[in-house]
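S.K.: the following block contains a protein sequence and its predicted model.
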Amino acid sequence: MDMGGHSHGGDMGAPPSMGGMRKSYTHMTFFWGKNSEILFQGWPGTRGGMYALALIFVFVMAVLVEWLSHCRLIKDKWPRLAAGFLQTVLHTLRVGLAYLLMLAVMSFNVGVLLVAIGGHALGFLLFSGALLGKSEKTGDLPPMKC
């Protein structure tokens, strides 16, 4: 049967090949395994070392989101314009990293979900002041709202 010039070789449910490229499918349920695609097509692929690197990358991104949520870089004596500009840059970085984390978790890989949660937990523990009993003003940015 001719389907717009594409032959499926007897498998009527298979999508056509795109220029001879390997076709991969996105998981729609959570799964365990190192053979996954996280954030970019083909990354980390099927190499176990690259999967571990991807998990470390996701973990560090989660810790950075928490650091940006609690950091105190803006000094009280700074001019309002400079403080506002830096606060905008910090907010943009935090939101961008949070969206990247969300997309990584949407790979539905359980390992990615666990390291993202672990990164947020460790980052909060380290930077919120709860560990050291700090009760000063919070960070430069308002809390993220869910």
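M.R.: Structure received. Treat the numbers as computed from the prediction; the structure is a model and nothing was measured. Numbers count the residues shown, from 1 in each chain.
S.K.: what about the residue nearest to residue 34 when sequence neighbours are not counted, which helix or strand?
M.R.: Leaving aside its chain neighbours, residue 34 sits nearest to residue 51 (3.9 Å; criterion: C-beta to C-beta, 6 or more residues apart in numbering). (Each C-beta comes from the backbone N, C-alpha and C, glycine too.) Here residue 51 is covered by helix 48-70, with elements defined by DSSP states H and E.
S.K.: other SSEs contacting that helix?
M.R.: strand 44-45, helix 80-105, helix 110-127 (3 or more C-beta pairs under 8 Å, 6 or more residues apart in numbering; DSSP states H and E).
S.K.: let's see 10 Å
M.R.: strand 36-37, strand 44-45, helix 80-105, helix 110-127 (3 or more C-beta pairs under 10 Å, 6 or more residues apart in numbering; DSSP states H and E).
S.K.: on that earlier part again, quick one: residues contacting the residue nearest to residue 34.
M.R.: 33-36, 38, 43-45, 109, 111-112 (C-beta atoms under 10 Å, 6 or more residues apart in numbering).
S.K.: and the least confident of those residues?
M.R.: pLDDT is lowest at residue 45 among the contacts of residue 51; the value there is 74.
S.K.: how many neighbours does residue 113 have?
M.R.: 16 (other C-beta atoms under 10 Å).
S.K.: in space, what's closest to it - neighbours in sequence excluded?
M.R.: The shortest distance from residue 113 to any residue other than its chain neighbours is 5.4 Å, reached at residue 105 (C-beta to C-beta, 6+ apart).
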